[in-house]
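> based on what follows, work out the 3D shape:
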Amino acid sequence: MAPLTGLLVVDLTRYLPGAYASRELLRLGARIVRLEPPEGDPLRDTAPTWHDALNAGKESVVCDLKSDEGLSFGRALLARADVVLEGFRPGVAERLGVGPGDARADAVYCSITGFGLDVRHEQRAGHDLNYLGWAGALADTTPALPPLQIADLAAGALGAVTQILAALVAGGGARITVSMTHRSHDLVAHRVAGDPIPKLLTGGVACYRIYETADGRHLTVSALEPKFWQRLCEVVGHPELIPSQWEPRLPELEDAIASRPLAEWLELFDGEEVCAGPVATLEEAAREFGVNTTIGAAPRVGEHTEAWRAELR
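Got it, this is the predicted structure:
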């Protein structure tokens, strides 16, 4: 399915959030043109393999918006765009001459910001971890860091994609601002009034934890329903633990799981209704669940500049 085939997205963003968002739009069929400064997106240098994974299949146009020629070129490109994606601090795109008012009236213009507009943090610098901290998303697990960039990728990128798709369905012509902090808080806001059991899904109960196995690997257990917990205790050989499902820790269960390597547990649990699984490595997960088995290279900085100059003449 490629429902966005024929739509042009001009991506002015840097780093992860915008790149992930435009990659999702690319998967849906859109043509993505990244408008980069002469030195390119900083992600090219800080994490080249990440850059390739997120930007393969897109086009790269170099444009120095601080020069008259570059600004003219950039605006001509924006005039073609059905969707514009930017991630500067509020006000910067307007000062550069590529703000919402410089796009077509019928285009969807989406700004991914740290804190949104007209709030006291509007101009505050930040990255994913800062936004999650402000949002209350780290309260249960600090000082441990989250295993992925939730504010960047889920709240920011996928939040932007959701809003863009909704705007396109409505006919376009939208001006959208996504706050990574507000949307991160939205991911945990259902917990504000309290949990049924303290830290129910963040390490507070024995039935929803990660356990170490004999070979130093780890097993995920999420046996929240009593029937799953009962069967897990039976298979592990500790049926006496069935009434203790909601205890914070069960040393007997920890010791039992630590007595066998991960592969043995996976074999033993295969076909059982226990809600248990491995903490797979990225390589293991990619082999079984990866969508892009072969990731091509991202375009070189400015690789498509001349082609677009010719097309816009």
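
> can we go C-alpha only for contacts and neighbour counts from here?
Noted.

> relative to the whole chain's centre, how far out is the strand or helix carrying Ala286?
Under the criterion of DSSP states H and E, Ala286 resides in helix 282-289. In terms of C-alpha atoms, centre = their mean, to the nearest Å, the centre of helix 282-289 is set 18 Å apart from its chain centre.

> list the buried ones in that helix?
Neighbour counts over helix 282-289 (16 or more other C-alpha atoms under 10 Å) mark no residue as buried.

> what mean pLDDT does the next helix or strand after that helix get?
Once the chain leaves helix 282-289, the next helix or strand it forms, by DSSP H and E, is helix 305-312. For helix 305-312, mean pLDDT rounds to 93.

> need the residues that contact helix 305-312.
If you take C-alpha atoms under 8 Å, 6 or more residues apart in numbering as the criterion, helix 305-312 is touched by 60-62, 73, 76-77.

> just the buried positions in it, please.
Buried-residue list, helix 305-312, by 16+ other C-alpha under 10 Å: 305, 308.

> repeat that for stretch 157-176.
The neighbour-count check on stretch 157-176 (16+ other C-alpha under 10 Å) flags 157-161, 163-164, 167-168, 172-176 as buried.

> other residues contacting it?
17-21, 24-25, 83, 100, 104-112, 178, 183.

> in helices only, show me the residues you listed.
Applying DSSP state H to the contacts of stretch 157-176, the entries found in helices are 17-21, 24-25, 183.

> between these, which is nearest Ala223?
Using C-alpha to C-alpha, Arg183 is the member of the ones in helices among the contacts of stretch 157-176 that lies nearest Ala223, at 28.7 Å.

> residue farthest from the centroid of the chain?
Glu240 (41.3 Å; C-alpha atoms, centre = their mean).

> which element is the closest residue to it other than its chain neighbours on?
Counting by C-alpha to C-alpha, 6 or more residues apart in numbering, the nearest residue to Glu240 once its immediate chain neighbours are dropped is Cys233, at 7.8 Å. Per DSSP H and E: Cys233 is located in helix 226-236.

> also Val10?
Val10 is part of strand 8-11, with elements assigned from DSSP H and E.

> so what's the closest residue to Trp246 other than its chain neighbours up against?
Nearest non-adjacent residue to Trp246, counting by C-alpha to C-alpha, 6+ apart: Val205, 5.2 Å away. Residues in contact with Val205 (C-alpha under 8 Å, 6+ apart) are 199, 245-249.

> ok, now Cys275?
Residues counted as contacts of Cys275 (C-alpha under 8 Å, 6+ apart) are 221-223, 228.
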